[in-house]
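Q: when you get a sec, could you give me coordinates for this:
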Amino acid sequence: QVQLVESGGGLVQAGGSLRLSCAASGRTFRHYPMGWFRQAPGKEREFVAAIYWSGGSTTYADSIKGRFTISRDNAKNTVYLQMNSLKPEDTAVYYCAADYDGSSWVPSAFGSWGQGTQVTVSS
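A: This is a model prediction of the structure:
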């Protein structure tokens with residue numbers, strides 16, 4: 001399995017920015033995408049963004065397009081999520097995910113998860 005450790009969450013005012021990091025370690029995962037998900041209180045975990053280590057191809061949820069950017073640093077085995085123009089509805093625990101099975105961008109398609117990092121956006 002891949003070990004994932006998220007960091008960078010916190011409290012920010014609406015309109016502000018945060019950058020989340022996800023450090024990956026463990027077995028070789030270069031051929032697979034890494035994903036970011038989030039889960040707000042009382043809601044299901046939802047897809048945010050994903051990036052392929054090789055080539056850097058990305059995909060985003062419609063709700064965050066134009067505000068969030070996913071990127072990676074292959075040398076550091078780290079994936080980032082830059083979040084700009086944050087809104088109160090972005091408040092959630094954000095999770096990094098790996099071991100994608102190639103099906104679709106849903107939580108059940110990923111086999112490895114980090115512990116999550118809390119993002120709170122105040123109005």
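Q: pull the number of nearby residues for G111.
A: A count of nearby residues for G111, using other C-beta atoms under 10 Å, gives 13. In short, each C-beta sits where N, CA and C put it, glycine included.
Q: what sits against it?
A: 1, 98-101 (C-beta atoms under 8 Å, 6 or more residues apart in numbering).
Q: that one: which element?
A: In the assignment (DSSP states H and E), G111 maps to strand 110-113.
Q: any idea of the mean pLDDT in stretch 67-86?
A: For stretch 67-86, the mean per-residue pLDDT is 95.
Q: now do the buried residues in it.
A: 68-70, 72, 77-81, 83, 86 (16 or more other C-beta atoms under 10 Å).
Q: kindly report the same for stretch 113-123.
A: 113-114, 116-117, 119, 121.
Q: which one among the residues you listed gets closest to A61?
A: Comparing those against A61 with C-beta to C-beta places V119 closest, at 14.9 Å.
Q: report the contact partners of the closest residue to the closest one other than its chain neighbours.
A: Nearest residue to V119 in three dimensions, chain neighbours excluded: G9, at 4.8 Å (C-beta to C-beta, 6 or more residues apart in numbering). Neighbouring residues of G9 by C-beta under 8 Å, 6+ apart: 18, 20, 93-94, 117-119.
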